[in-house]
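Peer 1: how would this look folded up:
(chains A, B and C)
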Amino acid sequence: MKILVGVKRVVDFNVRIQVKADGSGVATEGVKMSMNPFDEIAVEEALRLKEAGKAEEVIAITIGPKASQEQLRTALAMGADRAIHVETDEDVQPLTAARILKAITDKEEPKIVMLGKQAIDDDNNQTAQMLAALANWPQATFASKIDVDGDSANVTREIDAGLETLSIDLPAVISTDLRLNEPRYVKLPDIMKAKRKPIETFTIAELGIEPAAAVKVLKTSAPAARQAGIKVASVDELVAALKEKGLI
Amino acid sequence: MAKVLIIAEHDGKKLNGSTARVMTCAQGLSAESVEIAVFAAEGAAVAEQAAAISGVTKVLLIENPANEHATAAILAPQIEALASEYSHVLAPSTTFGKDLTPRIAAHLAVPQISDIMRVESPRIFDRPIYAGNAVITVEAPEGIVVGTVRTASFSEAEKTGSATIEKREINVELPSHTRFVKLETSGSADRPDLQAAAKVVSGGRGVGSTENFKVIYDLADKLGAAVGASRAAVDAGFIPNDHQVGQTGKIIAPELYMSFGISGAIQHLAGIKDAGTIVAINKDPDAPIFEIADFGLVGDLFEIIPELEKALA
Amino acid sequence: MPEYKAPQRDMMFVLNDVINVSELAELPGFEDATPDIVQGVIDEAAKIIENTIAPLNETGDREGCRFDNGTVTAPAGFKEAYQLYAESGWTGLDKSIDFGGQGLPYTLATAVTDMLSAGNDAFSLYPGLTNGACEALVEHGSQELQDIYLEKLTTGEWTGTMCLTEPQAGSDLSQVRTKAIDQNDGTYLVEGTKVFITGGEHDFVENIIHLVLARLPDAPAGVKGISMFLIPKFMINSDASLGERNPVVCASIEEKMGIHGSSTCVMNFENAVGYMIGNPNEGLRYMFTMMNLARLMVGLQGLGVAERATQGAIEYAKERKQATAINGGATIIHHPDVRRMLMTMKALTEGCRMVAYDTAKQYDISKAHPDASVRKTANDRVELMTPICKAFATDTGCEVASLGVQVLGGAGYIRESGMEQHMRDAKIFCIYEGTNAIQALDLVGRKMKLNLPQNFITEMAAKLEAESSNSELAFILEPMKIALELLDETTQWLIKAAQEDPQNPAAAAVEYLTLYSLLTHGYFWVIAAKAALIKQDDSFCQAKLATAQFFAAKILPRVHSLAPAIMSGAAVVMAAEEDGI
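Peer 2: Presented below is the predicted three-dimensional model:
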């Protein structure tokens, strides 16, 4: 069985982003870029399934500019067998991404497509669900535990009400949440080996994809800041203040 | 004129408070009608609660045994069958809505607007990106607008309405590839829901252990508050994940948020920015949470909580 | 304590825009060192160091190493972190592929050591000393010894030490007394006591390989009678399994001012079985093979501790609110004097990084370039820069760590802030692997005789000349030109004054090394400023340029007090009668 894992190049988790003064977006010049942390978890889970003998091949895929190959190399160094790069300099929104993934899925016929639940740049949380819809496959989003058994899988999902378990038939799309696993550290020799693993490249046109109608971004602004209040010196002072506001 | 369909979130008995918040968002769309769809096995009670939300034109009740534990795979085709009658299909940006609406949008071949936090016009919205560190104003293209509503950005609509309830049958083929197995909940049934609660008492790594979290629960019970936690406390295993507040957990907007032993990582702060009043209790006077707290008190939570309980008694 | 975040933006800036690391990929053997690999190595090393090793810095300091009846236990977590680090292949980064290494340039190892030292300087010593042992084995060990020991040292499965110092033989190794008796079976029995042995005993690995300086019975006196021996903690059987315990015993560990996580051992060799490295009586020369790399490593420790102190101070200054500043700012980073301290820290730290990385690149060229004359030129640069990298970067470590405490004020003096640990850790870097005075004597002595300082003065002058038409760089070119003339004058004075009284260069050596280092930093700040000018809309480059301006205006002028001090001669230093001091 094959697992296809999506990998997105995003501004590193630790970077405090700055909104450009002219409202045209977020400053990304020279900013450290990394693999979306949720995708790292997806890669790790796919590799664990392979190491447990549940899958034969792990294929990493990214959609993005040339530099996104850095993130594919990271996935390959973690242990993915090969990679696919759908190269584009355009802003690819979730529905278009899902269509691209659908086209690759038709070609590669994986049993599981594993995606991070959301990218930490646009925070959309849509692509996995959209791909499942387009493929008419089951979806198990926000996974915190995955048990694959033959042609089906039990997936535990982190939902607002607690932990929900679904049984889904394969092929399926699974989106990964934070507590699914802790991604491994890449070994130096594997960074070197990754250099020799194949990356297949396509353009969106080559895949015959029609980009979906896009949401237009009119402007980007900084969020309204919350002002710091006051420090109180004692519990009595605190209780008095809360009583005055009618909160207790 | 906009015709809005809101997908109700509920647990079979009770309507989730998020639905009334979506209603408030919908009121900004200058809609000619706002309808709420209740998908359930037996949903009369939930439909009644939905009908009471002010501003609702009509409640659609779609009863089907398959809707017992509604998964996205089961709900999406039914909603798609309804969607052509509407200009907007909205759901709360809870795990329920987030799971569901992209599946609808993809089939309708329209993009989705996630986490709507402000309505500028029926097609123009604000939504947060980069964990709320930036806000983009976006315009949806032509076609049905499918979106999730950031519940923390809207208050619950009043409950003085009495809309009609209309039963509908939707005959579409439903897939069998997705089966509900179980739901493990951690919260006690009589504690308020974290996302709907007016008051939330929250603990962080500073609480120290699962046993120590009892003081947080006890205080919450005295205040009639829900219990929240930071990611650090959840990761340390002090408390189950469904209590996590923050960018990767729940984004909440209670009237009163009291944090104990939470330093205030930026991801946590992103989850409470819309709270009415934030109270922070922490040993470290430089903890970032004090930067956004309305009332800060430096000290040991294990000394302060008993004092608080005494003052409240 | 603030978390350590690898300064990846600055590291990549130095690698790409200052030293042009991509040139290394053109050298035979370094074909793999392409930009994607460089980026991947830095990214992944940063991850493992930030997340697993750096968090042990503070706990390692508090807990320290424990000694119990010959065994040493490192602080909690060190063993596991070391094993993960070694298993992930990082110890073999620049070592030969033939022995399980990755064969990447030393320049990349330097960048990783920069992070490792900053993350946890005590921890960094364990793999650091192993590097020295490997290098000596590669250069001087027999094929047989290499086959048995090199692979496991490369992969970090075993660690290595350098056993030089004895109670009576510190900076003066001619006093070494440890004896080695030839057993005429290819082995020697070694007896003696070595002190200050870093990593002499610990619990990370199953075997520790000591490289030991000792004397044969018939050896000439002084440094010409020292040989080098390899002495394993456990003997190796013919089937490569571990054999008998060799009688090399840790007698105690030192209680130190800092680097508590590093075990500093008294090692007793009680007729331990050893194997000679290379030829008899050439041990000192072999020792310098280890020593030169070790000195560069210690320089990186100075850089590392400076980086960590700088990060801690900047983070604090951005958050701490105390008295509204003159410009209206609420946090202390707006106060001009706090800013002066932070910029001093930043300028010195980033300068040390540029010098260290460039020296590493020259080292790679000196090993790998096909043209012998290019190799020679590069090697000369490494020879010149080794005392500068070691001494100036470690002096910087102390200066910056001290400023770091100062920025935090009272909070900095308290253990919890983590800043005082840097101050305690930093001091040893000025002392071990040849005190900074020894480095300075090397510069004004041996290196001066080889004309190395003079040659680089010429090269710096040519660089200033080549850039002279760039008016945007005038802010640094003009003061550099004046400073360089002063350095040249001082150098000529030293050469002349040495003939009048050998005490003249000795008394001024440390000041001269500082003077020379400031010019070297200035040289690299010209290159950095030029690169930063291209992308001024980027806040990193804007700050880089501002830091270059700060260096030129506030740090470079130190040369004007150093030069006259140097040229005042030794007499004034030695004038007071010993009894009166």
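Peer 1: for stretch C:75-84, give me every contacting residue.
Peer 2: A:185, C:48, C:52-53, C:55-56, C:59-60, C:62-65, C:123, C:126-127, C:156, C:203-205, C:260-261 (Cβ atoms under 8 Å, 6 or more residues apart in numbering or on different chains). C-betas here are computed from N, CA, C, even on glycine.
Peer 1: now do the buried residues in it.
Peer 2: Across stretch C:75-84, burial judged by 16 or more other Cβ atoms under 10 Å in any protein chain shown covers C:75, C:77-78, C:81-82, C:84.
Peer 1: closest to residue C:371 among those residues?
Peer 2: residue C:82 (39.5 Å; Cβ to Cβ).
Peer 1: what helix or strand does that closest one sit in?
Peer 2: helix C:78-87 (DSSP states H and E).
Peer 1: returning to that earlier point: next step: the contacts of stretch C:75-84 restricted to helices.
Peer 2: Residues of those located in helices (DSSP state H): C:48, C:56, C:59-60, C:62-63, C:123, C:126-127.
Peer 1: most neighbours, which of those residues?
Peer 2: Counting neighbours by other Cβ atoms under 10 Å in any protein chain shown, residue C:123 comes out on top of those with 28 neighbours.
Peer 1: return the nearest residue of chain B with respect to chain C.
Peer 2: Nearest to chain C, among the residues of chain B, is residue B:286, at 6.5 Å (Cβ to the nearest Cβ).
Peer 1: what's the per-residue pLDDT of residue A:223 here?
Peer 2: With respect to pLDDT, residue A:223 scores 89.
Peer 1: where does it sit: helix, strand or coil?
Peer 2: Secondary structure for residue A:223, judged by DSSP: H, G, I helix; E, B strand; the rest coil, is coil.
Peer 1: skipping adjacent residues, who's closest to it in space?
Peer 2: residue B:135 (5.2 Å; Cβ to Cβ, 6 or more residues apart in numbering or on different chains).
Peer 1: that neighbour against residue A:225, yeah?
Peer 2: No. Residue B:135 is beyond contact range of residue A:225, at 11.8 Å (criterion: Cβ atoms under 8 Å).
Peer 1: which strand or helix spans the nearest residue to residue B:113 once chain neighbours are set aside?
Peer 2: In space, and not counting its chain neighbours, residue B:113 is closest to residue B:147: 3.9 Å by Cβ to Cβ, 6+ apart. Assigned by DSSP H and E, residue B:147 belongs to strand B:145-149.
Peer 1: distance between that strand and the chain's centre?
Peer 2: 14 Å (Cα atoms, centre = their mean, to the nearest Å).
Peer 1: what residues does it touch?
Peer 2: Under Cβ under 8 Å, 6+ apart, the answer for strand B:145-149 is B:18, B:21-22, B:25, B:87-93, B:97-98, B:101, B:104-105, B:108, B:110-116, B:122-123, B:125, B:140.
Peer 1: now do that strand, average pLDDT.
Peer 2: 97.
Peer 1: which SSE is immediately downstream of that strand?
Peer 2: Following strand B:145-149 in sequence, per DSSP H and E, is strand B:164-168.
Peer 1: residue boundaries of the strands in the chain?
Peer 2: You didn't say which chain, so I picked chain A. For chain A, applying DSSP state E gives strands covering A:2-6, A:9-11, A:33-35, A:57-64, A:82-87, A:112-116, A:139-149, A:152-159, A:162-169, A:172-176, A:199-203, A:216-221, A:230-231.
Peer 1: oops, chain C please
Peer 2: C:66-68, C:71-73, C:159-163, C:179-182, C:188-198, C:208-214, C:227-232, C:234-236, C:242-245, C:248-253, C:264-277.
Peer 1: tell me which of these sits nearest to residue A:48.
Peer 2: strand C:159-163 (31.5 Å).
Peer 1: near residue 107, how many other residues are there?
Peer 2: Just going to use chain A. Neighbours around residue A:107, by other Cβ under 10 Å: 13.
Peer 1: not quite, I wanted chain B
Peer 2: 18.
Peer 1: now residue C:132
Peer 2: That count, for residue C:132 with other Cβ under 10 Å as the rule, works out to 24.
Peer 1: can you give me the distance of residue A:196 to chain C?
Peer 2: 10 Å (Cβ to the nearest Cβ, to the nearest Å).
Peer 1: list the contacts for the nearest residue to residue B:16 once chain neighbours are set aside?
Peer 2: Nearest residue to residue B:16, sequence neighbours excluded (Cβ to Cβ, 6+ apart): residue B:9, at 4.0 Å. Applying Cβ under 8 Å, 6+ apart to residue B:9 gives the contacts B:15-16, B:18-19, B:91-92, B:94, B:96-97.
Peer 1: same question for residue C:346.
Peer 2: C:310, C:314, C:547, C:550.
Peer 1: wait, doesn't the third one sit right on residue C:348?
Peer 2: What it means is residue C:547. No. Using Cβ under 8 Å, residue C:547 is not in contact with residue C:348, being 9.9 Å away.
Peer 1: which strands and helices lie in contact with the lengthiest strand in chain B?
Peer 2: The longest strand of chain B (DSSP E) is strand B:31-40. Packing contacts for strand B:31-40, counted by 3 or more Cβ pairs under 8 Å, 6 or more residues apart in numbering or on different chains; DSSP states H and E, involve strand B:2-7, helix B:18-27, helix B:44-51, strand B:58-63, helix B:72-83.
Peer 1: rerun that using 6 Å as the cut-off
Peer 2: Counting contacts by 3 or more Cβ pairs under 6 Å, 6 or more residues apart in numbering or on different chains; DSSP states H and E, strand B:31-40 is packed against strand B:2-7, helix B:44-51, strand B:58-63.
Peer 1: so can I have a markdown table of these showing distance to chain A?
Peer 2: What follows is the helices and strands packed on strand B:31-40, written out as a markdown table (distance: least, Cβ to the nearest Cβ, whole Å):
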| stretch | distance to chain A |
| --- | --- |
| strand B:2-7 | 14 |
| helix B:44-51 | 15 |
| strand B:58-63 | 19 |
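Peer 1: how about the ones you listed in a markdown table, adding mean neighbour count, mean pLDDT and distance to residue C:522?
Peer 2: Compiled in a markdown table, the helices and strands packed on strand B:31-40 are given as follows (neighbours: other Cβ atoms under 10 Å in any protein chain shown; pLDDT from 0 to 100; distance: least, Cβ to Cβ, whole Å):
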| stretch | mean neighbour count | mean pLDDT | distance to residue C:522 |
| --- | --- | --- | --- |
| strand B:2-7 | 23 | 96 | 67 |
| helix B:44-51 | 20 | 97 | 74 |
| strand B:58-63 | 20 | 97 | 76 |
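Peer 1: OK, contacts around residue C:190?
Peer 2: By Cβ atoms under 6 Å, 6 or more residues apart in numbering or on different chains, the residues touching residue C:190 are C:180, C:214, C:229, C:269, C:272, C:274.
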